[in-house]
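Undergrad: Sequence plus the predicted model coming up.
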Amino acid sequence: MTVTVNDDCISCGLCINMCPEVFDYNADGISCVTGDPNNCTELVQEAAAACPVNAIEVE
Ligand code: SF4
């Protein structure tokens, strides 16, 4: 599983709250992937589906 957050992120914090082991804010206050998404694939999929701007890309 490869996960990226694109530039559409509006910093709502949802994915970081759902899966803090994988997502965190970067220096610009935008969500980014900081952990291994393969450790909690279901939560990552749920976060991607719940992102209000579809900024989480999962491959
Ligand atoms: S859920 Fe989407 S918009 Fe919200 S912080 Fe995560 S990537 Fe950004």
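TA: Cool, got the structure.
Undergrad: residues touching C15, list them.
TA: V5, V22, F23, S31, A47, A48, A50, C51, I56 (C-beta atoms under 8 Å, 6 or more residues apart in numbering). Every residue, glycine included, has its C-beta placed from N, CA and C.
Undergrad: typo on my end, T2
TA: Contacts of T2 (C-beta under 8 Å, 6+ apart): P37, V58, E59.
Undergrad: Read off the pLDDT value for it.
TA: T2 carries a pLDDT score of 96 in this model.
Undergrad: if we can go back for a sec, return the members of the contacts of T2 classed as buried.
TA: Buried by 16 or more other C-beta atoms under 10 Å: P37, out of the contacts of T2.
Undergrad: tell me which residues in stretch 9-22 are buried?
TA: In stretch 9-22, counting by 16+ other C-beta under 10 Å, buried: C9, L14, C15, I16, M18, C19, V22.
Undergrad: TSV for those residues, including pLDDT and distance to L43?
TA: Below are the buried residues of stretch 9-22 laid out as TSV (pLDDT from 0 to 100; distance: C-beta to C-beta, whole Å):
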residue	pLDDT	distance to L43
C9	98	17
L14	98	12
C15	98	9
I16	98	11
M18	97	6
C19	97	4
V22	98	7
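Undergrad: What's the separation between the closest residue to N6 other than its chain neighbours and the ligand?
TA: Of all residues not flanking N6 in the chain, A55 sits nearest, at 5.1 Å (C-beta to C-beta, 6 or more residues apart in numbering). According to C-beta to the nearest ligand atom, to the nearest Å, A55 and the ligand sit 4 Å apart.
Undergrad: isn't A55 right up against T4?
TA: No: counting by C-beta atoms under 8 Å, A55 stays clear of T4, with 9.1 Å between them.
Undergrad: did I read that right, Q45 in a strand?
TA: No: using DSSP: H, G, I helix; E, B strand; the rest coil, the assignment for Q45 is helix, not a strand.
Undergrad: residues touching it, list them.
TA: Here Q45 is in contact with V58 (C-beta under 8 Å, 6+ apart).
Undergrad: what about it, distance to C12?
TA: Using C-beta to C-beta, to the nearest Å, Q45 is found at 18 Å from C12.
Undergrad: same check, this time on A50
TA: Distance from A50 to C12, by C-beta to C-beta: 10 Å.
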